[in-house]
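J.: Let me see the structure of the following:
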Amino acid sequence: MQSKPRWYFWTLLVTLLVADQISKWLVVKHLAPGQTQVIVSGWFNLTHVTNDGIAWGLLRGHNLLLGITIGVLLLVAAGWFARRVDWRLAETNILGAALLAGAFGNLVDRCRLGHVVDFADVFIPVLNYRWPAFNVADSCITLCVVWLFWRMLRGNKHI
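T.: This is a model prediction of the structure:
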């Protein structure tokens, strides 16, 4: 069993983290908080949203203590679990990089800005539902969790 991530783990981690931070910087630079830019009418907008809570705006107003504590706990947990996984597998490296980039991307926002910048504003017409605004970091985390859940449903518990 290989005990350390492969080179492409680090490449993907940096790429996703940079993409997250650049996309947020562009939103902050070009849209005022609350301002929307329609991309696909009725489906997808860019909307500058600040979130000082956790997922989907829960526990707003407790940013510093809550956000940093959760971020640090996630990073410590990731480091602890990382020692026990088989880094030979591409899937492990990809999922690990995406999860870490997501957690670190939002932690950087909390430390630097005092809140997380969200901007992807999706509306699902068939359900008449507007999904809470999210960002690249949130997408990384969500896709990894969905992937891991799908694998568990298929009976593949080990990565």
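J.: I'd like the distance from stretch 114-121 to the chain centre, please.
T.: With Cα atoms, centre = their mean, to the nearest Å as the basis, stretch 114-121 stands 11 Å off its chain's centre.
J.: contacts for that stretch?
T.: 23-24, 27-28, 31, 36, 44-52, 63-64, 67, 106, 109-110, 130-135, 137-139 (Cβ atoms under 8 Å, 6 or more residues apart in numbering). Where you see a C-beta, it was placed from the backbone N, CA and C, and this is true even at glycine.
J.: By neighbour count, sort out the buried ones in the residues you listed.
T.: 23-24, 27, 31, 45-52, 63, 67, 106, 109-110, 133-135, 137-139 (16 or more other Cβ atoms under 10 Å).
J.: Which of those residues fall in strands?
T.: The strands, defined by DSSP state E, take in 45-51 from these.
J.: what is the orientation angle of the strand or helix carrying residue 14 with strand 44-51?
T.: Per DSSP states H and E: residue 14 is located in helix 7-30. Relative orientation of helix 7-30 versus strand 44-51 (axes from the mean of the first three to the mean of the last three Cα atoms, to 10 degrees): 90 degrees.
J.: Output the contacting helices and strands for helix 7-30.
T.: The contact analysis (3 or more Cβ pairs under 8 Å, 6 or more residues apart in numbering; DSSP states H and E) places helix 7-30 against strand 44-51, helix 90-113, strand 116-124, helix 136-153.
J.: Between strand 116-124 and the last one, find me the angle.
T.: Taking the same axes, to 10 degrees, one finds that helix 136-153 is oriented at 60 degrees with respect to strand 116-124.
J.: and helix 136-153 with helix 90-113, angle?
T.: If you take the same axes, to 10 degrees, helix 136-153 sits at 150 degrees to helix 90-113.
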